[in-house]
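Asker: sequence and computational prediction follow.
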Amino acid sequence: MREPQFAAHAVILAGGRGTRFWPRSRARTPKQLLSIVGKQTMLQQTAERLAPLFTASRTWVVTSDQQAPAVRRQLPHLRRGQILTEPEGRNTAAAIGLAAAHLMRQSGDALMAVLPADHYIAQAARYLRLVRAALQVAARGENLVVLGIPPKRPETGYGYIERAEAASRPRARRYVASGRYYWNAGMFFWRVSTFLRNLEKFLPATYRLLMKLGDDIGTPRYARTLRRIYPQLENISVDYAILERAAQRTASRAGTARSKTASGVFVLPAEVGWSDIGSWAAVYQLMASKPGENISAGRFAALDAQGNFFWSPEKFVAAIGVRDLVVVETPDALLLCPRGRAQDVGKIVQWLEARRQNGLL
């Protein structure tokens, strides 16, 4: 039975490059546009998961110019105007601001659920109940709401809610042990007006530029204004630009009287079987049913080989005496690395960029 759809808008952020999934992930077909886990692409899985709460007319995607054609093919039920394109990447504060400007123009002070396009969630029904609860908190005042994932291990690759600097391994262990810290899954909920007021406070130049752009939405001038204004927006994540600063402001007011409409930052714990599938190693962890299992996208034989991940759908893989490897084959490239170094695959992309090997990007 489908849940009744909620009077709010879903904004799916789908502009990332997914460099840690090279060589499958490329500029025009990044991670979110690939079938990494399951038959559907990550973007299609995200849209399908949200469909019980958000009608097609209330679902938006922010992506890049390069990726927009593929997004339209994968989500043909969305109107062209609901797929917002960025002329260049300026991080999440700008991407969310672009969506907020369009929503304010079309729907006024709507509720926004801002969600990544490329995450895995095992418990979809529980997740939707939390999304509904987060939107209800956001609707009650000038509230910024974040879903926090209870940490399972001292992972240094994730952001932690309640911290500013990168976590070292000892600090990450302390966060897990304390029970007070959550992984930041990049899922945010607020009213359009709440976001824009915070944007005006913390990124005033970006706010003013987006308001200028908003004046041209729906006119023949929009595309030209977008290309002129967008590169001037500040290149910063919404976490650092708004959430962190707003949380500090909330903490400084702790213990003082507040009005019923006073804003605040809220974290809802979300135990939903979440993974950002941030590397080939994370894919292995999702797919392996027992320690040491070999995972392969095609036919393979393993002799005295354990804990390997093979992506070679067209070729037979023979593995002898190797352990904990990632092997990913595409028609023009072959990746080999220890599973424990899968987070470093993005460095290969940087190496290729520095040498202008555009054919491999």
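Answerer: Received, thanks.

Asker: going forward, measure contacts and count neighbours with C-alpha atoms only.
Answerer: Noted.

Asker: which residues touch the closest residue to A138 other than its chain neighbours?
Answerer: Ranked by Cα to Cα, 6 or more residues apart in numbering and with sequence neighbours excluded, the top spatial neighbour of A138 is W190, at 4.8 Å. In this structure, W190 makes contact with 111-113, 135, 138-139, 142-145, judged by Cα atoms under 8 Å, 6 or more residues apart in numbering.

Asker: and W190, that's in a strand?
Answerer: Yes - the assignment for W190 is a strand, going by DSSP: H, G, I helix; E, B strand; the rest coil.

Asker: can you tell me who it pairs with across the strands?
Answerer: In this structure, W190 has beta-bridge partners M112, where bridges are defined by DSSP bridges.

Asker: look up how far K315 lies from it.
Answerer: The gap separating W190 from K315 is 48 Å, by Cα to Cα, to the nearest Å.

Asker: A301 pairs with what?
Answerer: According to DSSP bridges, the partner residues bridging A301 are A318.

Asker: quick one: contacts for it?
Answerer: Taking Cα under 8 Å, 6+ apart, we find A301 in contact with 317-319.

Asker: which among those residues gets closest to V328?
Answerer: Closest to V328 out of these is V317 (10.9 Å), distances taken as Cα to Cα.

Asker: verify the stated contact: the closest one with L303.
Answerer: No - with contact taken as Cα atoms under 8 Å, V317 and L303 are classed as non-touching, separated by 11.2 Å.

Asker: re earlier: which of the contacts of W190 ranks first by neighbour count?
Answerer: Within the contacts of W190, most neighbours by other Cα atoms under 10 Å means M112, with 28 neighbours.

Asker: pLDDT wise, what is it at?
Answerer: What the model reports for M112 is a pLDDT of 96.

Asker: now do E271
Answerer: So, for E271, pLDDT stands at 92.

Asker: likewise the one 4 residues further on?
Answerer: In this model, S275 is scored at 90, pLDDT.

Asker: tell me where this structure has helices.
Answerer: Using DSSP state H, the helices assigned to the chain run over residues 42-50, 68-74, 91-107, 124-139, 169-178, 192-202, 204-216, 222-229, 238, 244-252, 280-287, 345-354.

Asker: what average pLDDT does the fifth one get?
Answerer: Within the predicted structure, the mean pLDDT of helix 169-178 is 54.

Asker: check the second one too.
Answerer: For helix 68-74, mean pLDDT is 97.

Asker: what is that helix packed up against?
Answerer: strand 83-86 (3 or more Cα pairs under 8 Å, 6 or more residues apart in numbering; DSSP states H and E).

Asker: now do the buried residues in the strand it packs on.
Answerer: Within strand 83-86, the residues scored as buried using 16 or more other Cα atoms under 10 Å are 83-86.

Asker: returning to that earlier point: which of the contacts of W190 sits closest to E244?
Answerer: Nearest to E244 out of these is L144 (Cα to Cα; 10.9 Å).

Asker: is the closest one bridged to anything, and to what?
Answerer: On the basis of DSSP bridges, L144 is bridged to V265.

Asker: OK, contacts around it?
Answerer: Residues counted as contacts of L144 (Cα under 8 Å, 6+ apart) are 138, 188-190, 194-195, 243, 263-266.

Asker: low-confidence bits of the stretch 51-200 of the chain, can you list those?
Answerer: Within the stretch 51-200 of the chain, the stretches falling below the threshold (pLDDT under 70) are 152-180.

Asker: how does it look with 80?
Answerer: For the stretch 51-200 of the chain, the stretches with pLDDT under 80 are 151-183.

Asker: so M104 is in contact with A110, correct?
Answerer: Yes - applying Cα under 8 Å, one finds M104 in contact with A110, separated by 7.2 Å.

Asker: and these two? Which one has more around it.
Answerer: Between M104 and A110, counting by other Cα under 10 Å, A110 is the more crowded of the two (19 against 16).

Asker: contacting residues around the more buried one?
Answerer: Taking Cα under 8 Å, 6+ apart as the criterion, A110 is in contact with 8-9, 103-104, 191-193.

Asker: what of V238?
Answerer: 91-93, 96.

Asker: quick check: the residue nearest to H119 when sequence neighbours are not counted vs Q40, distance?
Answerer: The spatial neighbour of H119 that comes closest, neighbours along the chain excluded (Cα to Cα, 6+ apart), is D276 at 4.5 Å. For D276, the distance to Q40 (Cα to Cα) stands at 16 Å.

Asker: excluding chain neighbours, what is closest to the residue nearest to the spatial centre of the chain?
Answerer: What sits nearest the mean C-alpha location of the chain, by Cα atoms, centre = their mean, is P116, with 2.9 Å. Excluding the flanking residues, the one nearest P116 by Cα to Cα, 6+ apart is L13, at 5.0 Å.
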